[in-house]
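S.K.: generate coordinates for the sequence data below:
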Amino acid sequence: MTINSSINMSEILYLILHNSLTKYRTKNSKATLLDQAEAAKHEGTDRKGGLFLVRKKNNFTPSGVRGFVATSMEALLAVIGDTTHWTPNVYRKYQYTNDK
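M.R.: Sure, this is the predicted structure:
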């Protein structure tokens, strides 16, 4: 089976996640303000959420999971190559239980 080389990771993630994350980070985005404003206009009132990611399998422990949350496609694409596990389901409500 061969994969078409014209398909990139962002297209695959958009297909899986169905526009459930914001396009750009709220803070520290690399996009221009014009691009951010345009994306916000098109996102409209769609409900957005976050994904849970884990950098390595050792972060799954009996006392819990040591991971982090990505709430935008920009953040997800920046770290997707460094993660081993992530949830394809988007959660609307989430919280960290430990600041460390």
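S.K.: any regions of the protein where pLDDT drops low?
M.R.: 1-7, 44-45, 95-100 (pLDDT under 70).
S.K.: find the centremost residue of it, please.
M.R.: Leu76 (3.5 Å; CA atoms, centre = their mean).
S.K.: identify the residue spatially nearest to that one, adjacent ones excluded.
M.R.: Excluding its sequence neighbours, the residue lying closest to Leu76 (CB to CB, 6 or more residues apart in numbering) is Ala70, at 4.4 Å. C-beta here means a position set from N, CA and C on the backbone, and glycine is covered the same way.
S.K.: got a list of what that neighbour touches?
M.R.: Ala70 makes contacts with 21, 50-51, 53, 76, 79, 86, as judged by CB atoms under 8 Å, 6 or more residues apart in numbering.
S.K.: redo that, cut-off 6 Å
M.R.: When contacts are counted by CB atoms under 6 Å, 6 or more residues apart in numbering, Ala70 touches 51, 53, 76.
S.K.: got it, and Tyr94?
M.R.: Shown in contact with Tyr94 (CB under 6 Å, 6+ apart): Gly50.
S.K.: would you mark the buried spots in stretch 56-76?
M.R.: Residues of stretch 56-76 classed as buried: 59, 67, 70-76 (neighbour count, 16 or more other CB atoms under 10 Å).
S.K.: hang on, the earlier thing: over to the residue nearest to the centre of the chain. Which of the three states is it?
M.R.: Following DSSP: H, G, I helix; E, B strand; the rest coil, Leu76 is assigned to helix.
S.K.: how close does Tyr94 get to Val65?
M.R.: From Tyr94 across to Val65, the span is 12 Å (CB to CB, to the nearest Å).
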